[in-house]
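K.L.:
Sequence and predicted structure below; questions after.
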Amino acid sequence: MTTPSTAFVLPAPVGSVLSRLPAYPGSFLLVTALNKVLAKELPADVRQYLLGKKLRIHVTDARLTFDFTCTGVRFIASKKQDTTDLTISANAQDFLRLAQRQEDPDTLFFNRRLSMEGDTELGLVVKNAIDALELPVLDLQQWTPDKVLARFLPRRSHTHTPHTGHGGPM
């Protein structure tokens, strides 16, 4: 895994606009993705350890925070919390590189591009659990507009034979 030569950071005006968005819808989208990809893969002891913990993902350059908790089975979005048990912070590009497995959390952490605040033991449990899983790599090509639309548009049946203009069977 390599570090990009130049780190991309969202321009401040973009972060300013994004910071005005309501937090809950973003948290809901994040937990939907986490539940689909991560929740079922976590070992039972890790899910039990996460039970009731207040977690936050903070995208620093976008000035967005996503708050959620764990029920022991799945993640649940929550409105912005006053305090959290663990906050994981990085810029948008670094979170994307983590999801694409182009960067590992230790490298980002030691380069001060990823931070964890709060319960250190909880942070290590989360990091080690995710490192131990064989999760799919986020492939941005599957999220291009044409591929997303194709998943929602009805498929046309190709069983209909077009009329050829012939008068019937020979």
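P.N.:
Looks like it arrived, so ask away.
K.L.:
quick one, helices of this protein?
P.N.:
Using DSSP state H, the helices found in the chain span residues 12-18, 23-37, 44-50, 92-99, 105-110, 120-132, 145-152.
K.L.:
could those helices go into CSV alongside mean neighbour count?
P.N.:
C-betas here are computed from N, CA, C, even on glycine. Below are the helices of the chain laid out as CSV (neighbours: other C-beta atoms under 10 Å):
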stretch, mean neighbour count
helix 12-18, 13
helix 23-37, 16
helix 44-50, 15
helix 92-99, 20
helix 105-110, 16
helix 120-132, 15
helix 145-152, 8
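K.L.:
quick one: which of those helices has the weakest pLDDT on average?
P.N.:
Of all those, the minimum mean pLDDT falls on helix 145-152 (a mean of 69).
K.L.:
ok, back up a step: how about the helices of the chain, which one is nearest Asp85?
P.N.:
Across the helices of the chain, Asp85 has its closest neighbour in helix 120-132 (5.7 Å, C-beta to C-beta).
K.L.:
can you list contacts of the closest one?
P.N.:
Contact with helix 120-132 is made by 38, 42-43, 46, 49-50, 53, 85-86, 88, 104-105, 116, as judged by C-beta atoms under 8 Å, 6 or more residues apart in numbering.
K.L.:
relative orientation of that helix and helix 92-99 in degrees?
P.N.:
Between the axes of helix 120-132 and helix 92-99, defined by axes from the mean of the first three to the mean of the last three C-alpha atoms, to 10 degrees, the angle is 60 degrees.
K.L.:
now helix 120-132: how far from the chain's centre is it?
P.N.:
On the basis of C-alpha atoms, centre = their mean, to the nearest Å, helix 120-132 sits 16 Å off its chain's mean C-alpha point.
K.L.:
try stretch 9-23
P.N.:
18 Å.
K.L.:
swap in stretch 79-93?
P.N.:
Offset of stretch 79-93 from its chain centre (C-alpha atoms, centre = their mean): 13 Å.
K.L.:
Please apply the same query to stretch 19-31.
P.N.:
12 Å.
K.L.:
Repeat that for stretch 7-22.
P.N.:
Put simply, stretch 7-22 sits 18 Å off its chain's centre (C-alpha atoms, centre = their mean).
K.L.:
Met116 and Phe152, how far apart?
P.N.:
37 Å (C-beta to C-beta, to the nearest Å).
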